[in-house]
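**Q** Here is my input; please provide its structure:
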Amino acid sequence: MHRRSGAWPLAVVLALATGITLLHLSDILRVAPGLADPGAARATIVRRFYDGVNEELRTGDAAPLAHVVADNVVEHDVAPGLLAGRAGLVQRLAWLRATFPRVRLEIVEVRGENELVVARVRVVGTMEGEFLGITVPASLAMWGPVDVFRLAAGQIVEHWGGSDDKALLQPLGAATLAAAPGTRRFVSLRRLGFAPGATATVDGVAGQRILYLERGSLSLTLAGDGQQAAVLRRASAVADAVGRVLIEPGRRVTLKQGDLVLVPTLQSVTIRNVAADASTALDMVRQEPTATADQGDRLHPTPTPPGLTVQYLAGRMAVETWDGSAALALGQAMLPPGAALGARPTSGLALVAVEAGHVRLNLSAGTAWIVERDGGATSLTPGADQAEATLDGAAADILPDAVATMSNVGNAPALVLILTLRPDLAGVANDAGTPTAS
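**A** Reported below is the predicted structural model:
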């Protein structure tokens, strides 16, 4: 049998950089035992990389990665929503740790020549994960089996690491909402779009309002006639419960992408787009149903000013919840074809808005409301068999104690926005009843 030369595997790796898939490279690593090991220095850098990855996954400390990964490292398989450079790697690891807190990467093999190093790894320590209270199978842990690195000046400057069959689960924000009398609540999720320079006043509600800045930059002023302060949670503090800023009535603050604001009960806010381009914010409300209907402020909208667009995403019907404080969590899931989330009873309410792709909701117990783009809603309740509905641009309000599974039944990744509201077992809320970031 003809023996391949030691230069052949390196040519394949170089070809990868111009379009050969990582799956093909994975096969090469298994069948080319003649591939030379990298030099001691390069092997040390790659192994220190995985040590740093596991330290971040274990403790949240990303400092070790700064020694081996260049700040402007080029990620060739970056997923939508990730930051550029090393910051995107750290962001991705934080999302992975939030869903699978015990996950670790284990090196199987490290080989390469010159500036390029190839590593095969496996994910260990995963069982069943949880994302916003929704079950995530271990098979969706987002790290591929092969990593390719280019090194320069003792650091990783380029990285290929495809994981097309993995889910990208992005926590956006979380808050604890104070207890309120009664158990029947209307929970809604909508998107507010602001043209450059547009200004709008968002009225107060008989409950809590949470604003999350998706894109752009907005200034926010809390009405000066209120008694309570709003709470601003900066994006950099989403994972570590620090960085809260009180917004006193009459004060104006500037919001950046990823910031979250908890607005006190019955307090209105004035919002202005201060970015050169359009800005968008997610508006989440938990309030008492209106006296005339169980569909909240959808039947009594404030007139829309010029430059403002309102898109209702999910939440149409008032539902029975619980007596006590509530934990709210917002996130976005990108599901590869065939992937599924959720298989056990939800511990609270889940609002699901499909923004791209084809998602099927299977319900084996409990009740869900399927909400079409035109606002029409139909009840989904299983009989002798499972009930199912395909959410092509539609939304689902999954009621407490339902047993539901969401599956991507399309041929392309599906993008799903998820809002969950669950009982706050810690009971965190201040004595004044003002919602607190958590």
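**Q** Could you use CA atoms for every contact and neighbour count after this?
**A** Noted.
**Q** which residues touch the helix or strand hosting residue 44?
**A** For residue 44, the host element (DSSP states H and E) is helix 40-59. When contacts are defined by C-alpha atoms under 8 Å, 6 or more residues apart in numbering, helix 40-59 is touched by residues 61-65, 68-69, 90, 93-94, 96-97, 101-107, 110, 117, 151, 154-156.
**Q** and if we set it to 6 Å?
**A** Applying C-alpha atoms under 6 Å, 6 or more residues apart in numbering, the contact partners of helix 40-59 are 62, 64, 65, 97, 104.
**Q** Now do that helix, average pLDDT.
**A** Averaging pLDDT along helix 40-59 gives 89.
**Q** what about residue 98, helix or strand, and which?
**A** Assigned by DSSP H and E, residue 98 belongs to helix 85-99.
**Q** Give me the domain ranges for this structure.
**A** Using automatic domain parsing, the domain ranges for the chain come out as 7-164, 172-437.
**Q** Highest mean neighbour count out of the ones you listed?
**A** For those, the largest average neighbour count (mean count of other C-alpha atoms under 10 Å) is found in domain 172-437, namely a mean of 19.
**Q** What mean pLDDT does that one get?
**A** Mean pLDDT, domain 172-437: 82.
**Q** now that domain, how far from the chain's geometric center?
**A** Offset of domain 172-437 from its chain centre (C-alpha atoms, centre = their mean, to the nearest Å): 13 Å.
**Q** just to revisit the earlier point, so after the helix holding residue 44, what's the next helix or strand?
**A** Next along from helix 40-59, by DSSP H and E: helix 63-68.
**Q** and that following helix, what does it pack onto?
**A** Helices and strands touching helix 63-68, by 3 or more C-alpha pairs under 6 Å, 6 or more residues apart in numbering; DSSP states H and E: there are none.
**Q** contact partners of that helix?
**A** With C-alpha under 6 Å, 6+ apart as the test, helix 63-68 has contacts from 52, 155.
**Q** quick one on the thing from earlier: now what about the helix holding residue 98, what contacts it?
**A** Contacts to helix 85-99, defined as C-alpha under 6 Å, 6+ apart, come from residues 57, 71, 72, 73, 74, 82, 129, 130, 131, 170.
**Q** picking that back up, and of the contacts of helix 40-59, the nearest to residue 254?
**A** Minimum distance to residue 254 across the contacts of helix 40-59 is 28.0 Å, recorded for residue 62 (C-alpha to C-alpha).
**Q** separation between that closest one and residue 52?
**A** Distance from residue 62 to residue 52, counting by C-alpha to C-alpha, to the nearest Å: 7 Å.
**Q** What of residue 389?
**A** Look at residue 389 and residue 52: by C-alpha to C-alpha, they are 43 Å apart.
**Q** Run through the residues that contact the spatially most central residue of the chain.
**A** Nearest to the mean C-alpha position of the chain, counting by C-alpha atoms, centre = their mean, stands residue 170 at 1.9 Å. Applying C-alpha under 6 Å, 6+ apart to residue 170 gives the contacts 95, 331, 332.
**Q** now residue 158
**A** The neighbours of residue 158, taking C-alpha under 6 Å, 6+ apart as the test, are 73, 74, 149, 150.
**Q** again, but for residue 259
**A** Residue 259 sits next to 212, 213, 233, 234, 235 when contact means C-alpha under 6 Å, 6+ apart.
**Q** Please list all residues in contact with the fourth one.
**A** Contact criterion C-alpha under 6 Å, 6+ apart gives residue 259 as the residues in contact with residue 234.
**Q** Recalculate using a threshold of 8 Å.
**A** 243, 244, 258, 259, 260.
**Q** Could I get the residues you listed in TSV, plus columns for distance to residue 357 and secondary structure?
**A** What follows is the contacts of residue 234, written out as TSV (distance: C-alpha to C-alpha, whole Å; DSSP: H, G, I helix; E, B strand; the rest coil):
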residue	distance to residue 357	secondary structure
243	36	coil
244	36	strand
258	24	coil
259	27	coil
260	27	strand
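**Q** now those in CSV, with distance to residue 220?
**A** Converted to CSV, those look like this (distance: C-alpha to C-alpha, whole Å):
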residue, distance to residue 220
243, 18
244, 16
258, 14
259, 11
260, 11
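**Q** The residue nearest to the centre of the chain belongs to a helix?
**A** No. Per DSSP: H, G, I helix; E, B strand; the rest coil, residue 170 lies outside any helix segment and is strand.
**Q** And it, how far from residue 96?
**A** As defined by C-alpha to C-alpha, residue 170 lies at a distance of 9 Å from residue 96.
**Q** do residue 245 as well
**A** 27 Å.
**Q** cool, and residue 282?
**A** Going from residue 282 to residue 96 by C-alpha to C-alpha gives 23 Å.
**Q** Could you do residue 227 as well?
**A** In terms of C-alpha to C-alpha, residue 227 sits 40 Å off from residue 96.
**Q** Which residue ranges of the stretch 301-438 of the chain form strands?
**A** Counting by DSSP state E, counting those that start in this stretch, the segments of the stretch 301-438 of the chain that form strands are 308-314, 318-320, 326-335, 340-341, 349-356, 359-365, 368-371, 377-380, 387-391, 395-398, 403-408, 414-423, 436-437.
**Q** mind putting these in CSV, distance to residue 174 included?
**A** CSV is the format used below for these (distance: least, C-alpha to C-alpha, whole Å):
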stretch, distance to residue 174
strand 308-314, 18
strand 318-320, 21
strand 326-335, 4
strand 340-341, 20
strand 349-356, 14
strand 359-365, 24
strand 368-371, 23
strand 377-380, 27
strand 387-391, 25
strand 395-398, 19
strand 403-408, 22
strand 414-423, 10
strand 436-437, 7
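**Q** And those strands: which comes nearest residue 278?
**A** strand 308-314 (9.9 Å).
**Q** could you say what helices and strands that closest one packs with?
**A** strand 184-194, strand 349-356, strand 395-398 (3 or more C-alpha pairs under 8 Å, 6 or more residues apart in numbering; DSSP states H and E).
**Q** Among those strands, which comes closest to residue 140?
**A** Closest to residue 140 of these, according to C-alpha to C-alpha: strand 349-356, at 18.9 Å.
**Q** and the angle from the helix holding residue 98 to helix 40-59?
**A** With axes from the mean of the first three to the mean of the last three C-alpha atoms, to 10 degrees defining the directions, helix 85-99 sits at 40 degrees from helix 40-59.
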